[in-house]
Structure formats: structure tokens, C-alpha cells
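Peer 1: 3D, please:
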Amino acid sequence: MKLQHKPNDSPSTYDGHGVRTTPGETVDTEEIDSDQDADEIGETLLETGYFQRADEGTDANTVDDGAPDEVEPPFDPTGMTVAEIRERLTDEDYTDAQLVAMADVEREDGDDRDGAIDLLSASPEK
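Peer 2: Got it, this is the predicted structure:
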């Protein structure tokens, strides 16, 4: 079963049931390494409300090339302390996609700053 992490109204990262995804990302339950049946995993993920079947959410006028739209991070967090990042995040509202983009930049930096990644990966409280 192919599922898509819903692009809207979802946490910026879903981490559970053997799956780690970001909004818009597609997962095939057949490829999840688990003792649980792939269909059972799919149904469990659908019940969370964060996922939809991969063929849902697209309309006839939308061309889906399979790749999520590229979002530019609004700022580069790699040269900042966790406190400075936190301050920037509280000063302005950022979309989940922007937060994911900044977390990706932080991961790619390779400094293993889990605090910064966790802060950027957390769903914003609104």
C-alpha cells in the first residue's frame, strides 16, 4: 500500500510505526521492515490522520512528478546556536515545509547537532 504523508495539517516530521516521513513524502508499506503485515501497517498509518493513500490528494489538473516541491530555507541555521535558532523561530511564523528545509540543511552540515534538528523538526505550536 502506498501512502503519502499529508502535505497540510500534519506535523513537520512523522516518526512512528517504522516510518519517518515529512509532509508530501510517499511511503510504500511493503518496504517497511516490520513483523507486522504491510496492510495492517498501512491501516494503522491511515488511522493516525497524518497519511492518505498516495493516489488521493491529487486532482486531474495536477502533474505529479513524484518529487516534492523544493522549498528554500528562510535562513541557514548551521552558523547559529540552538538558542539563536529558537529565538528566530519564535519571532516569525514558518511553514512546515520551511522548517523541514532548515532541518535538512542542518542534517547535511554533518555536525550532528541533535538539539537544533529536534527544534527544527518539532511541529510548530499555533
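
Peer 1: hmm, which helix or strand of this protein has the shakiest average pLDDT?
Peer 2: Ranked by mean pLDDT, DSSP states H and E, the helix or strand of the chain with the weakest confidence is strand 14-16, at a mean of 73.

Peer 1: By neighbour count, which bits of it are buried? Give me those.
Peer 2: Buried residues in strand 14-16, defined by neighbour count with 16 or more other C-beta atoms under 10 Å: Tyr14. All C-beta atoms are positioned from the backbone trio N, CA, C, and that covers glycine.

Peer 1: ok, now stretch 31-49?
Peer 2: In stretch 31-49, counting by 16+ other C-beta under 10 Å, buried: 41-42, 45.

Peer 1: Could you pull out the strands in this structure for me?
Peer 2: Using DSSP state E, the strands of the chain run over 2-5, 14-16, 19-21, 26-28, 51-53.

Peer 1: Check which helices and strands the lengthiest helix in the chain is in contact with.
Peer 2: Longest helix of the chain, by residue count under DSSP state H: helix 96-109. With contacts taken as 3 or more C-beta pairs under 8 Å, 6 or more residues apart in numbering; DSSP states H and E, helix 96-109 sits against helix 114-121.

Peer 1: centre of the chain versus the helix it packs on, how much separation?
Peer 2: 13 Å (C-alpha atoms, centre = their mean, to the nearest Å).

Peer 1: Tell me which residues are up against it.
Peer 2: For helix 114-121, contacts defined as C-beta atoms under 8 Å, 6 or more residues apart in numbering pick out 12-13, 77, 80, 82, 85-86, 89, 99-100, 102-103, 106-107.

Peer 1: Can you give me the domain assignment for the protein?
Peer 2: The record assigns the chain these domain ranges, following automatic domain parsing: 2-53, 77-121.
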